[in-house]
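**Q** curious how this folds, go ahead:
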Amino acid sequence: MIYVITINDKEYEVEVEVGKANILKTTLITAPAAAVSPVAAVSPAPVSAAAAPVLASGSEVVKAPMPGTILEIKVIPGSAVKKGEVLLILEAMKMENEILASSDGVIKQVVVTKGAIVSTGDVLVVIQ
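**A** Residues are numbered from 1 along each chain as shown. Predicted structure coming up:
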């Protein structure tokens, strides 16, 4: 049997037989150009974005190692932290992951909020 599967903007045509599967064709899917409407469209209210991190010289950022949801924030700006101390809890794939301080310092900024959904590489906390 032949199946067409779409994953991350790529379309795969896969042939499946008992005990094996072969990729027949891979196609990159491009988003269609937005149609221009002569009537002015009402744009939805903007989703509150996280504050942009404030980076000073000597600042270190703690980034999300994986996509997930922020369950708990254990620090506040101005609090002193030691390397290895838990900064926040990130839920990913139904597991609670402790995000640790990568160095000693003082919390300059907590960029995320409880319940925020983050992607890999998003800045979570700034330590100075």
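
**Q** for this protein, identify the residue most remote from the centre.
**A** For the chain, the residue at maximal distance from the C-alpha centroid (C-alpha atoms, centre = their mean) is V18, at 37.3 Å.

**Q** elements contacting the lowest-mean-pLDDT helix or strand in the chain?
**A** Here the helix or strand of the chain ranked lowest by mean pLDDT, DSSP states H and E is strand 20-28, holding a mean of 74. With contacts defined as 3 or more C-beta pairs under 8 Å, 6 or more residues apart in numbering; DSSP states H and E, strand 20-28 has these neighbours: strand 10-17. C-betas here are computed from N, CA, C, even on glycine.

**Q** quick one: strands adjacent to the strand it packs on?
**A** Neighbouring strands of strand 10-17 in its sheet, by DSSP bridges, are strand 2-7 (antiparallel), strand 20-28 (antiparallel).

**Q** redo these as TSV? Include mean neighbour count.
**A** Output for the strands paired with strand 10-17, formatted as TSV (neighbours: other C-beta atoms under 10 Å):
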stretch	mean neighbour count
strand 2-7	10
strand 20-28	10
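
**Q** which of those sits closest to G78?
**A** G78 lies closest to strand 2-7 among the strands paired with strand 10-17, at 43.6 Å (C-beta to C-beta).

**Q** which residues sit against the closest one?
**A** 11-16, 24, 29 (C-beta atoms under 8 Å, 6 or more residues apart in numbering).

**Q** for the record, mean pLDDT for it?
**A** Regarding strand 2-7, the rounded mean pLDDT is 79.
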